[in-house]
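# Just to be clear, the model below is a prediction. Sequence and coordinates:
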Amino acid sequence: MHISWDELQTIEALVRTGSVEAAGRELSLRHSSVSRRVAALEARLGTALFARGARLVPSALTLRIAERAATMRVAARDIEDFVGAERRGRERTVVITTSDVLAPLLFLALAKARPVQAVEVLVSDDELELLPGQVDLALRPGQNPSGALRGRRLGRLKVGVYRARGGAPDWLQPSVELRARASMSWWREVPKDVPGAVTCSSLLAMRDACSAGLGRAALPAFLAHGDARLQFERELDAGPPLWLLAPMARGIPKELREVQRDLFAALRATEGAFVE
């Protein structure tokens with residue numbers, strides 16, 4: 001037989017306080033609601049829990065129930081305190097997820113936006129689920145966000161061909177996995193099967209190999225911007241749209257909306273990052 005926590009804490013409060021009125025005040029319940037809970041549980045148990053009279057007298061079974069429920073009450077209060085502290089901490093921290101490739105762009109924008117709240121950045125190539133209070137914002141490439149997300153489209157990433165001054169003219173090659181990514185459709189502009197080419201499994205490695213003079217590379221412009229070792233050769237019309245996403249939820253705090261607004265403006269203002 002199932003006994004709910006509401007019923008258990010009612011029994012415990014009645015035994016501890018000794019009266020329906022006091023138990024009702026503690027549980028924020030009316031006198032009649034307390035009585036109905038006790039009557040409903042007695043009906044299911046098939047026995048009286050209290051002797052009615054001038055004062056409330058619990059049965060032996062009731063005392064055993066209340067003793068165990070008292071331990072549960074302490075644990076429940078501990079959980080409430082823990083959850084409350086966690087919630088207050090999350091309200092002071094904005095959690096943003098993005099990939100290792102887009103992290104440099106995010107950090108540039110954060111340096112401009114300077115949010116008042118603490119910021120935690122989760123760097124992962126997996127699309128982490130956005131949950132209010134756990135993961136608040138995501139910087140991701142893609143065509144359209146899913147129905148569970150509220151997105152602001154930043155624009156299409158600028159992608160270009162870069163080469164180190166005096167570096168090798170051969171193309172650096174993306175790995176098979178990197179070439180297969182739908183968000184990196186610019187690889188169709190890069191010749192395949194170049195003899196003796198250096199192959200890289202990440203864009204950051206490809207940028208570093210290009211800077212070292214090992215060949216020309218197709219790179220998002222923000223990765224190459226400001227690197228004095230690299231020179232721009234030409235633009236590729238294949239960059240993906242980039243989105244700043246938030247969960248589709250009601251009651252998003254004003255502070256988070258302000259961070260999203262300021263971060264969006266800072267991202268859009270990143271020199272040379274977008275073609276539109």
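Great, that's in hand.

# rest of the way, CA atoms for contacts and neighbours
Will do.

# for residue 186, helix, strand, or coil?
Using DSSP: H, G, I helix; E, B strand; the rest coil, the structure places residue 186 in helix.

# and it, what pLDDT?
You'll see residue 186 listed with a pLDDT of 91.

# you'd agree it is up against residue 238?
Yes - contact criterion C-alpha atoms under 8 Å: residue 186 and residue 238 qualify, at 4.7 Å.

# Spit out the residues that contact the two alike.
residue 159 (C-alpha atoms under 8 Å, 6 or more residues apart in numbering).

# Chain neighbours aside, what residue packs nearest to the residue most central in space within the chain?
Nearest residue to the geometric centre of the chain (C-alpha atoms, centre = their mean): residue 135, 1.2 Å. Nearest non-adjacent residue to residue 135, counting by C-alpha to C-alpha, 6 or more residues apart in numbering: residue 95, 5.0 Å away.

# neighbours around that neighbour, how many?
Per other C-alpha atoms under 10 Å, the neighbour tally for residue 95 reads 21.

# mind checking how far residue 151 is from residue 58?
From residue 151 across to residue 58, the span is 58 Å (C-alpha to C-alpha, to the nearest Å).

# For the protein, which helix or strand comes out least confident on mean pLDDT?
Using mean pLDDT, DSSP states H and E, helix 60-91 stands out as the lowest-scoring helix or strand of the chain, at a mean of 78.

# Note down every partner strand of the following helix or strand past it and its orientation.
Sequence-wise, the next helix or strand downstream of helix 60-91 (DSSP states H and E) is strand 93-98. Using DSSP bridges, strand 93-98 pairs in its sheet with strand 118-123 (parallel), strand 137-141 (parallel).

# mind listing the helices for this protein?
Ranges of helices in the chain, per DSSP state H, are 5-17, 20-27, 31-45, 60-91, 103-113, 176-179, 203-211, 221-224, 254-268.

# May I see those organised as JSON lines, with distance to residue 127 added?
Below are the helices of the chain laid out as JSON lines (distance: least, C-alpha to C-alpha, whole Å):
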{"stretch": "helix 5-17", "distance to residue 127": "37"}
{"stretch": "helix 20-27", "distance to residue 127": "43"}
{"stretch": "helix 31-45", "distance to residue 127": "46"}
{"stretch": "helix 60-91", "distance to residue 127": "21"}
{"stretch": "helix 103-113", "distance to residue 127": "14"}
{"stretch": "helix 176-179", "distance to residue 127": "16"}
{"stretch": "helix 203-211", "distance to residue 127": "18"}
{"stretch": "helix 221-224", "distance to residue 127": "21"}
{"stretch": "helix 254-268", "distance to residue 127": "19"}
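
# and the ones you listed, which one is worst for confidence?
Across the helices of the chain, helix 60-91 has the smallest mean pLDDT, namely a mean of 78.

# Nearest residue to residue 170 in space, ignoring adjacent ones along the chain?
That would be residue 215: by C-alpha to C-alpha, 6+ apart, it lies 4.9 Å from residue 170.

# Then residue 192?
If you skip the residues right next to it in sequence, residue 192 has residue 173 as its closest partner in space, 7.4 Å away by C-alpha to C-alpha, 6+ apart.

# For that neighbour, give me its contacts.
190, 192, 194, 197, 198, 199, 200, 217.

# at 10 Å instead, please
Going by C-alpha atoms under 10 Å, 6 or more residues apart in numbering, residue 173 touches 179, 187, 190-194, 197-201, 206, 215-218.

# what does residue 26 give?
Here residue 26 is in contact with 10, 13, 14, 17 (C-alpha under 10 Å, 6+ apart).

# ok, these vs residue 126, which is closest?
residue 10 (46.2 Å; C-alpha to C-alpha).

# Residue 31 is in contact with the closest one, correct?
No - with contact defined as C-alpha atoms under 10 Å, residue 10 does not reach residue 31; the gap is 11.4 Å.
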